[in-house]
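A.B. asks: Have a look at this fold, sequence not included:
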């Protein structure tokens, strides 16, 4: 999906909501526990209930990999379902990959190649290994690398805020340096919502880039704050909510409850746009 | 595998060689191209030819993921074969994972859980997201996290060598900080062989930790240099070679040629031990 198509989709749905599919069998409603394709059935119901209120889905790869090859098979069923719906939606492999050039090329193929098993629009990538670990993700037309800048967890303070000799924190150096590796058409950044005031510094460095903002809801970030500091004329934000939507209820009404939570966020977003 | 078992194995085989299984269908000998389980058959032949000369195997996850679920199935066949051989060998998932705590827990389960599909002894992890992204990999008994410190690629210069206000490069800060997250029994570090003289600084901070050293051979590092600066009384090194061994020949003699290259390195290592 190109930048223009994404912006059009955001305007059409009046939403910049990303629904995180961190699907955990232990948290699914009981009636799905013994189903053969329980994870896929859960995801499908969540997708059907939320697609009109969101513009993106973000499966968290770890949740599928933790179940082995079987988990990845159910992720593939989920992606096949999304691709077959006939409704536009942006898909993000939350995979936090990154390795030397010849290896990142293969991770890009695994997740972004239209002929591959998954055909995601975007993948999250860690910046520690630098240029050649990131650039291979920018070569597929209409596909995106979403680079970690400032994450929403406690560990973000260990290195991301370390200042260099000029007083520049590492995450700002990552933003600055990475502008040589991609552009606003193929590179976004992860910026945690729990540090919304830092979005001012982020926007100084990457004024027009899309930001993927996790941590609204369960992780404590506020949508209002994020919009105040991060919104651009083209929206420029994808705000993710995972647990707050997909586990809104653990009864048979889980999909309905998820739809309601997604709609609430969409209405707040529509008011801002 | 515990630290003691690993050291005993190194002494017994008189080797600290790790063979990287970066198996690329396009580089395999032609007679395997049309085999159903060609990647597994290639790996099995390489393993049979090299196991007496090495102490570790390191499949690079990207090469398997690039082939989709089918690639992971062949990785599982490879791991099942290694576990069933009745010969001790250390196994490393070169996966460069790392995410917020509840997600890293699941990556740990995916790769290290003895009841999982793969049951590796160790996994490589990127440090960018800090403490809670790394610690979940240290909770399995006898299993290891191998944290990226200084990698062997060009992109390593982008951030890993950035000095903070006290003149400490980021990779040294990673080494120093991570000592609070694990110990010599469950944490190793990736230190690229192309920067062997920096091993002196690394050894000042982590004098007894095992180091996984990629980049000997195809990536230009020298075994002699690595040993001069990195070897400890307990060896303290796993030196990886991938392409130099597994693609030593692309004919039907590929396994024999791989065995010869592994033996050469093992003999150099025996001379040093």
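C.D. replies: That came through, no problem. Fair warning: this is a prediction, and the values are worked out from it, not measured in the lab.
A.B. asks: right, is stretch A:107-119 up against chain B?
C.D. replies: Yes. Interface with chain B: stretch A:107-119 contributes A:107, A:109, A:110, A:111, A:116, A:117, A:118 (C-beta under 8 Å from any C-beta of the partner chain). C-beta coordinates here come from the backbone N, C-alpha and C atoms, glycine included.
A.B. asks: May I ask which helix or strand encompasses the second one?
C.D. replies: To tie it back to what came earlier, the one meant is residue A:109. helix A:101-112 (DSSP states H and E).
A.B. asks: In chain A, where is pLDDT below threshold?
C.D. replies: A:217-221 (pLDDT under 70).
A.B. asks: longest helix anywhere in it?
C.D. replies: Longest among the helix segments of chain A by residue count, using DSSP state H, is helix A:254-272.
A.B. asks: list the helices and strands it packs on?
C.D. replies: Applying 3 or more C-beta pairs under 8 Å, 6 or more residues apart in numbering or on different chains; DSSP states H and E, one finds that helix A:254-272 contacts strand A:17-21, helix A:38-50, helix A:223-230, strand A:237-241, helix A:243-246.
A.B. asks: Mind doing that once more with 7 Å?
C.D. replies: strand A:17-21, helix A:38-50, helix A:223-230, helix A:243-246 (3 or more C-beta pairs under 7 Å, 6 or more residues apart in numbering or on different chains; DSSP states H and E).
A.B. asks: Might you report the residue contacts of the nearest residue to residue A:198 once chain neighbours are set aside?
C.D. replies: Nearest residue to residue A:198, sequence neighbours excluded (C-beta to C-beta, 6 or more residues apart in numbering or on different chains): residue A:150, at 6.2 Å. Taking C-beta atoms under 7 Å, 6 or more residues apart in numbering or on different chains, we find residue A:150 in contact with A:156, A:160, A:171, A:191, A:192, A:195, A:198.
A.B. asks: Count the residues that sit near the closest residue to residue A:118 other than its chain neighbours.
C.D. replies: Residue nearest to residue A:118 in three dimensions, not counting chain neighbours: residue A:79, with 5.0 Å by C-beta to C-beta, 6+ apart. Neighbours of residue A:79 under the rule other C-beta atoms under 10 Å in any protein chain shown: 22.
A.B. asks: tilt between the helix or strand in which residue A:79 is found and helix A:101-112?
C.D. replies: Here residue A:79, judged by DSSP H and E, is contained in helix A:69-84. Between helix A:69-84 and helix A:101-112, the angle comes out at 60 degrees (axes from the mean of the first three to the mean of the last three C-alpha atoms, to 10 degrees).
A.B. asks: Quick check: closest non-adjacent residue to residue A:101.
C.D. replies: residue A:132 (3.9 Å).
A.B. asks: okay but the one you found is in contact with residue B:154, surely?
C.D. replies: Yes. Using C-beta atoms under 7 Å, residue A:132 is in contact with residue B:154, at 5.6 Å.
A.B. asks: From the centre of chain A, point out the most distant residue.
C.D. replies: residue A:165 (32.4 Å; C-alpha atoms, centre = their mean).
A.B. asks: what's the burial count for whichever residue of the stretch 1-150 of chain A sits closest to chain B?
C.D. replies: Relative to chain B, the nearest point of the stretch 1-150 of chain A is residue A:130 (2.4 Å; C-beta to the nearest C-beta). Residue A:130 is flanked by 24 other residues according to other C-beta under 10 Å.
A.B. asks: show me what contacts it?
C.D. replies: Counting by C-beta under 7 Å, 6+ apart, residue A:130 has contacts B:155, B:156, B:157, B:158, B:159.
A.B. asks: Give me the buried positions along the helix holding residue A:79.
C.D. replies: By 16 or more other C-beta atoms under 10 Å in any protein chain shown, the buried positions in helix A:69-84 come out as A:69, A:71, A:72, A:73, A:74, A:75, A:76, A:77, A:78, A:79, A:82.
A.B. asks: nearest to residue B:136, of those residues?
C.D. replies: residue A:71 (17.5 Å; C-beta to C-beta).
A.B. asks: hang on, the closest one packs against residue A:61?
C.D. replies: No. In this structure, residue A:71 is not within contact of residue A:61 by C-beta under 7 Å, at 9.2 Å.
A.B. asks: still on that earlier bit, of all the helices and strands packed on helix A:254-272, which one comes closest to residue B:226?
C.D. replies: That would be strand A:17-21 among those, by C-beta to C-beta, at 42.2 Å.
A.B. asks: quick one: strands adjacent to that closest one?
C.D. replies: According to DSSP bridges, strand A:17-21 forms sheet pairs with strand A:56-59 (parallel), strand A:237-241 (parallel).
A.B. asks: ranking the ones you listed by burial, who's on top?
C.D. replies: Most buried of those by mean neighbour count (mean count of other C-beta atoms under 10 Å in any protein chain shown) is strand A:237-241; its value is a mean of 27.
A.B. asks: now it and helix A:38-50, what's the angle there?
C.D. replies: Going by the same axes, to 10 degrees, strand A:237-241 makes 130 degrees with helix A:38-50.
A.B. asks: what's strand A:237-241 in contact with?
C.D. replies: Contacts for strand A:237-241 (C-beta under 7 Å, 6+ apart): A:16-20, A:56, A:58, A:210-214, A:216-217, A:223, A:226, A:230-231, A:265.
A.B. asks: Which residue lies closest in space to residue A:270, excluding its sequence neighbours?
C.D. replies: residue A:14 is the one closest to residue A:270 (C-beta to C-beta, 6+ apart), at 3.9 Å.
A.B. asks: Tell me how many other residues surround that neighbour.
C.D. replies: That count, for residue A:14 with other C-beta under 10 Å as the rule, works out to 15.
A.B. asks: tell me which element residue A:93 falls in.
C.D. replies: strand A:90-97.
A.B. asks: Going by neighbour count, which residues in stretch A:190-210 are buried?
C.D. replies: Quick answer for stretch A:190-210 (16+ other C-beta under 10 Å): A:190-196, A:198-199, A:201-203, A:205-206, A:209-210.
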